[in-house]
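Student: Show me how the following folds:
(2 chains)
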Amino acid sequence: MSNGFVNEPMLDLFIFESMQLIEQMESLIIANERSGFYTSDAINEIFRIMHTIKGSSAMMLFNTISTLAHSMEDLFFVLREDKPQNVDYTDLSDLVFEGLDFIKVEIHKIRNGDEADGNPSELINSLRVFQASIKGQDSSPEAMNFAGQTDSHENPSPEKQQYYISKVSRETTSLQNTFQATLRFEPDCGMENLRAFGVVNDLGDLMEEYYHVPEDLDHEDSARAIGEQGFTLFLKTDRSWEEIHRVLIQTIYLKDLQLTQAQNSDLLNNQDLERKILLEDSSDKVSDSSNRDRVTRDFEGKEIHSAVTQQSIINVSVAKLDQLMDLVGEMVIAEAMVIQNPDLNGLELDNFQKAARQLRKITSEMQDMVMAIRMVPLTATFHKMHRIVRDMGKKLGKEVQLEIIGEETEVDKNIIEHISDPLMHLVRNALDHGIESAEDRQAKGKVQGGTISLEAKNAGSDVLVIVKDDGKGLSKDRILKKARENGLLYKSEGDMTDKEIFNLIFLPGFSTKDSVSEFSGRGVGMDVVTKNIETVGGSVSIASTLDKGTTITLAIPLTLAIIDGMNIKVGNSRYTIPIISIKESFRPKEEDIITDPDSHEMIMVRGRCYPILRLHELYGVKTEIIDFVDGIIIMVEHDKKSLCVFADELLGQQQVVVKALPEYIQRLKKISGLTGCTLLGDGSISLILDTAGLISL
Amino acid sequence: MADVIENTMELEEDTQTGRFLTFSLGRESYGIEIKYVTEIIGIQAITEIPELPEYVKGIINLRGKIIPVMDVRLRFKKEAREYNDRTCVIVVDIKDVSIGLIVDSVSEVLTIPEQGIVEPPKMNKGFNNRYIKNIGKVGNDVKLLLDCEKLLTEDELEDLSEVQ
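Tutor: Predicted structure coming up:
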């Protein structure tokens, strides 16, 4: 049970890291596939990634993953070492992708707490076949040799022992204890060599010097040796026996452990001489500068390099960031409570005001910083689409290029999670319905290969994500026909604008594709897109020209949590309107007000007529101010529609932290025109108005 | 280790079972299981929310947390009464939903033994006891023990359609 407890964070980390590595690898392969071959850098990188996944999954006892990763690693080892010619890189990519998909599915199972029970043997077989095929073409003796002994390349040395000596500790070898640890693992635990390597890793910095039997943990044979004879580790350390014991005893699948202290450090000293010789040996070898050595060295250098760069980045759980943001939100409110404290009214406090200004500056900087921390570039989300385009294009026999613009645009982490699925739907739709087959395109005189472009850009407080294809465009007639069949028309066809017709495809249960394909056509999809985007407060719009293509634009707010708001008062109630939707506010003149026979009130502003909404009437608030001339008009705009909101007075502008209405109230009813609430400086609650909701009332 | 935690949990449960916070609405005395109660506060400034049933008075700011408040008088279709300094808000946490219950006044915490608790009489019509789970006898007094979960969920649809 204690093991399970210890494993939890490790499991999280494993899942997180593996997914990251897989994503990294996918984009690498996509990038290389386009150029027709894999660069040696890429092969090295993939090799390294597979090696890491193999190791970590074996540590976590996910043997299906580790065996698959192992055969993929083998494959790339051949590619790296033998540099075979005439490799079919498309087939290779297909194979590797299949493998990655398998691993992804397994990791998904693990994440959901299921057994990772997939069977990779078929995949492994095809990997082997492929490996054999490229080796068949490569007749160098080295490659033949390789077929017999996978790891012989990695350890061709005549060395008896391998030492890993950390440079820092060389001088400080006097005050040390020397221990001999013998570990035996449970029989059948598998991958003993990797487990042993894990042990060495766990001890890590605790050891000043060490060596172990068997020496070579990369070797398959060593697994068997450890299984039979146990794993013996000699180490020098300045830690106590207890400390070392504590670390060792945590090893997973440990059957028994013997940890003894050697009184003198003979053990290691005896090896000293040999070591020196060996060091000389290896330096000789370096001067040989064989091709293989260089490759491994480059590879190691790279690893070290990436380790260094990774140190400046840490992974933080989103929950903690959410908490931090909540705290900063509370602080913003508390700050307002202090600075706008009614006790200060009418007092001349120069120094206080100065300090308050400083405080305000710092809090707002801090707020920006917290928001910035949560901002993530869209790169990963966009690059996932490469894979979809590639796979679908192949299956549908369409030649499609994906163009990505502005991937560095950043949006809030929460929002990214909400747009990943919609984006996938949109790209799929564009490929399946939008882009025509090559023949059709030629007949229309278009370039044979279709293009889908994915663009992100900032526009005010919104991020626009635009999915554009140069396909056949939307056919109004077909949409209308379909809508008629499904009874989705709410208006006579003649009256509908192009935009309204196009918007029909966002309705649930609408699909123009007659047959259901693997990718789309089930009539779900577009309405999922709108729903997902609307939950984050965004909007979807669509434009299309027949035979030219379709453009779908998602407008997504940068962030949800803190907005600039204008506080207004109606009777005893306070409301907050997001500043971005306010166009202007003014005191109306009597002569500008128009009332039509249905007693709809309107106002004339610079020759244009806008409807007026009385907030006090809408929400049934008692107020003294009923005449327009006594109150104030706030003109708000959303989606190119404007509305004049009538309130008692403006209270002032303030950054407010958006809080959702309590769950109980949300369950009771969705209140029209309200998105949430916020706390004002005096601790009172203000309701945040939803401009879009008000306009559509 | 887990066993220990479970044990303490059980102990805590034990000290809470059979204990009720009693409050009054007009002449009746009601009881609410103590395990639901988070705290008791005086009446506060309530921000009204439009378009809700009459008994949901609005929301209050409870140290940065925003919770809805419900007037229990109105919920039980009794006539409304002006709030005064005896008026209390009992903050309860039912199935992770926090809500404040506005009551005339809070009385005390009582232990009512199991044998003192009886089921309410069953009648077909004219007696509305859907929120009363049990009736507790304490000496000569009778306490109506509330079914908190029903208070939040029961018949909301009906009430909503009344509003509209």
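Student: With A:Ser475 as the reference, measure out to the residue nearest to A:Val467 when sequence neighbours are not counted.
Tutor: Spatial nearest neighbour of A:Val467, chain neighbours left out: A:Leu426 (4.4 Å); criterion: CB to CB, 6 or more residues apart in numbering or on different chains. To be clear about C-beta, it is placed using only N, CA and C from the backbone, and glycine gets the same treatment. Separation of A:Leu426 from A:Ser475 (CB to CB, to the nearest Å): 18 Å.
Student: Pick out whichever of those two has more residues nearby.
Tutor: Applying other CB atoms under 10 Å in any protein chain shown to A:Leu426 and A:Ser475 shows that A:Leu426 carries more neighbours, namely 27 against 15.
Student: what residue ranges in chain B score low on pLDDT?
Tutor: B:1-14, B:123-129, B:154-164 (pLDDT under 70).
Student: how about the residue nearest to A:Leu21 when sequence neighbours are not counted, secondary structure?
Tutor: Take A:Leu21 and drop its neighbours on the chain: the residue closest to it by CB to CB, 6+ apart is A:Ile49, 4.8 Å away. Under the three-state scheme (DSSP: H, G, I helix; E, B strand; the rest coil), A:Ile49 adopts helix.
Student: what pLDDT does A:Ile49 get?
Tutor: pLDDT, A:Ile49: 85.
Student: Next one: it from A:Cys644, what distance?
Tutor: Counting by CB to CB, the gap from A:Ile49 to A:Cys644 is 59 Å.
Student: give the contact list for B:Leu101.
Tutor: By CB atoms under 8 Å, 6 or more residues apart in numbering or on different chains, the residues touching B:Leu101 are B:Ile32, B:Val69, B:Met70, B:Val72, B:Val89, B:Ile90, B:Val91, B:Val92, B:Leu151.
Student: again, but for B:Pro113
Tutor: By CB under 8 Å, 6+ apart, the neighbours of B:Pro113 are B:Gly18.
Student: check contacts around A:Glu17.
Tutor: A:Thr52, A:Ser56.
Student: Just to check, A:Ile501 is in contact with A:Leu480?
Tutor: Yes. Shown here, A:Ile501 and A:Leu480 form a contact pair, counting by CB atoms under 8 Å, at 6.4 Å.
Student: Mind checking which of the two has more residues around it?
Tutor: Each of A:Ile501 and A:Leu480 has its neighbours counted (other CB under 10 Å); A:Ile501 has more, 20 against 16.
Student: can you pull the pLDDT of the residue nearest the centre of chain A?
Tutor: Centrality entry for chain A: nearest residue to the mean C-alpha point is A:Ala380, 6.0 Å, by CA atoms, centre = their mean. Listed pLDDT for A:Ala380 reads 81.
Student: what's the answer for A:Val524, then?
Tutor: 52.
Student: for the one 10 residues further on, same thing?
Tutor: A:Glu534 is assigned a predicted lDDT (pLDDT) of 75.
Student: Same question for A:Arg297.
Tutor: 44.
Student: Also A:Glu493?
Tutor: pLDDT at A:Glu493 comes out at 72.
Student: and what of the one 10 residues further on?
Tutor: pLDDT recorded at A:Asn503 is 79.
Student: Next: the one 3 residues further on.
Tutor: pLDDT, A:Phe506: 77.
Student: So for it, what's the nearest residue that isn't a sequence neighbour?
Tutor: A:Thr530 (4.6 Å).
Student: Next, give phi and psi for the one you found.
Tutor: phi -60, psi -40 (degrees, to the nearest 10).
Student: So it is in contact with A:Ile542, correct?
Tutor: No. Counting by CB under 8 Å, A:Thr530 does not reach A:Ile542; the two are 10.2 Å apart.
Student: Enumerate the residues of the stretch 301-450 of chain A near chain B.
Tutor: Residues of the stretch 301-450 of chain A lying close to chain B (CB under 8 Å from any CB of the partner chain) are A:Glu330, A:Ile333.
Student: contacting residues for the residue lying closest to A:Asp391 once chain neighbours are set aside?
Tutor: In this structure, A:Asp391 finds its nearest non-sequential neighbour in A:Phe97, 7.5 Å apart by CB to CB, 6+ apart. Neighbour list for A:Phe97: A:Glu26, A:Ile29, A:Arg387, A:Asp391 [criterion: CB under 8 Å, 6+ apart].
Student: quick one: which of these has the most company?
Tutor: A:Ile29 leads the contacts of A:Phe97 on contacts (other CB under 10 Å) with 23 neighbours.
Student: and that residue, what does it touch?
Tutor: Counted by CB under 8 Å, 6+ apart, A:Ile29 has contacts A:Tyr38, A:Ala42, A:Ile46, A:Ser93, A:Val96, A:Phe97.
Student: at 6 Å instead, please
Tutor: A:Ser93, A:Val96 (CB atoms under 6 Å, 6 or more residues apart in numbering or on different chains).
Student: What helix or strand is it located in?
Tutor: helix A:2-35 (DSSP states H and E).
Student: For that helix, give the mean pLDDT please.
Tutor: Mean predicted confidence for helix A:2-35 is 72.
Student: now swap in stretch A:613-626 and tell me
Tutor: 88.
Student: Figure out how far it is from the centre of its chain.
Tutor: Its chain's C-alpha centre and that of stretch A:613-626 lie 46 Å apart, by CA atoms, centre = their mean, to the nearest Å.
Student: ok, which residues in chain B are in contact with chain A?
Tutor: B:Thr47, B:Pro50, B:Glu51, B:Ile59, B:Asn61, B:Gly64, B:Ile66, B:Ile67, B:Pro68, B:Val97, B:Ile99 (CB under 6 Å from any CB of the partner chain).
Student: If any of these are buried, put those into a ChimeraX selection.
Tutor: Selection of the buried residues among the residues of chain B next to chain A in ChimeraX, burial being defined by 16 or more other CB atoms under 10 Å in any protein chain shown:
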select /B:47,50,51,59,61,66,67,68,97,99
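Student: would you list the residues of chain B next to chain A in a markdown table and tack on secondary structure?
Tutor: Listed next are these as a markdown table, based on three-state DSSP:
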| residue | secondary structure |
| --- | --- |
| B:Thr47 | strand |
| B:Pro50 | coil |
| B:Glu51 | coil |
| B:Ile59 | strand |
| B:Asn61 | strand |
| B:Gly64 | coil |
| B:Ile66 | strand |
| B:Ile67 | strand |
| B:Pro68 | strand |
| B:Val97 | strand |
| B:Ile99 | strand |
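Student: Including distance to A:Trp241, could the residues of chain B next to chain A go into CSV?
Tutor: Formatted as CSV, those follow (distance: CB to CB, whole Å):
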residue, distance to A:Trp241
B:Thr47, 65
B:Pro50, 72
B:Glu51, 71
B:Ile59, 61
B:Asn61, 58
B:Gly64, 51
B:Ile66, 56
B:Ile67, 56
B:Pro68, 61
B:Val97, 54
B:Ile99, 58
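Student: Helix or strand: which one has the residue nearest to A:Asp391?
Tutor: Going by DSSP H and E, A:Phe97 is in helix A:89-111.
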